[in-house]
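Chemist: Would you be able to build a 3D model of this:
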Amino acid sequence: DMSLYFPIKETQKDIDVLYVGRHIEIKGIQYIIKAANLLKEQGTQVHISIAGKGPYTEYLKKLTSSLGLDSSIVFLGYVDEKELNTLYNRSKIAIFPSYAKEGVLTTMLEAAAAKTALITSNCCGMIDFAKDTVNAYLVKPQDEEDIAGKIQLLLSNPSLRERLSEQAYQKSFAAFYRCV
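Modeler: As a prediction, the model looks like this:
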């Protein structure tokens, strides 16, 4: 229901990066965590919220702890659909680094409808919606260095984030209205 997702103008953007989805290996969440570690090593602290659950959650939490990122990465667990719009609006960037067996991700469209800047893999069905440097940044699958670079670029350039998120927002609603 796209009517649940909309931009809230007066929301504080206190989450740097948000991931929403199942916790399974092909979703690429481990590469978000490794990218956060690379950014930390370069002197950049990022605040990442990871929503969802699954069989890979414990591994992801152990990886986070082993890299000393417990203060930077928060695991939110399952988030009710009604709470997602607030999470998207609190986030500067929504990231979806899946690398196999995916169509266009509903969560990516929800984030776009809330005017959140997008980073996603340049594979699978994501490229049917996300166009690199137009309405999102595309990253190489399974590449934490590419992910770290795109996060750094978007966090350091609010006007770029705003332009990409506006284009994603426009495309999400154009797609929605074609389907209704």
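Chemist: Look up phi and psi at K131.
Modeler: Torsion angles at K131 (phi, psi; degrees, to the nearest 10) stand at phi -120, psi 120.
Chemist: Let me see the contact set for it.
Modeler: L138 (C-beta atoms under 8 Å, 6 or more residues apart in numbering). Using the backbone N, CA and C atoms, a C-beta is placed for each residue, glycine as well.
Chemist: Give me the neighbour count for S159.
Modeler: Counted with other C-beta atoms under 10 Å, residues neighbouring S159 total 7.
Chemist: Against P97, how distant is it?
Modeler: 24 Å (C-beta to C-beta, to the nearest Å).
Chemist: And I15, how close does it get to I95?
Modeler: From I15 to I95 the distance is 11 Å (C-beta to C-beta).
Chemist: which one of the two has more residues nearby?
Modeler: Neighbours were counted for I15 and for I95 using other C-beta under 10 Å; I95 has more, 32 against 21.
Chemist: quick one: the more buried one and I147 touch, right?
Modeler: Yes - taking C-beta atoms under 8 Å as the definition, I95 is a contact partner of I147 at 7.2 Å.
Chemist: Find the residues that touch each one of these two.
Modeler: Between them, I95 and I147 share the contacting residues 32, 119, judged by C-beta under 8 Å, 6+ apart.
Chemist: can you pull the contacts of the nearest residue to G28 once chain neighbours are set aside?
Modeler: Using C-beta to C-beta, 6 or more residues apart in numbering and skipping residues adjacent in sequence, the residue nearest G28 is P97, 3.4 Å away. Contacts for P97 (C-beta under 8 Å, 6+ apart) come out as 27-29, 31-32, 119-121, 139, 141-142, 147.
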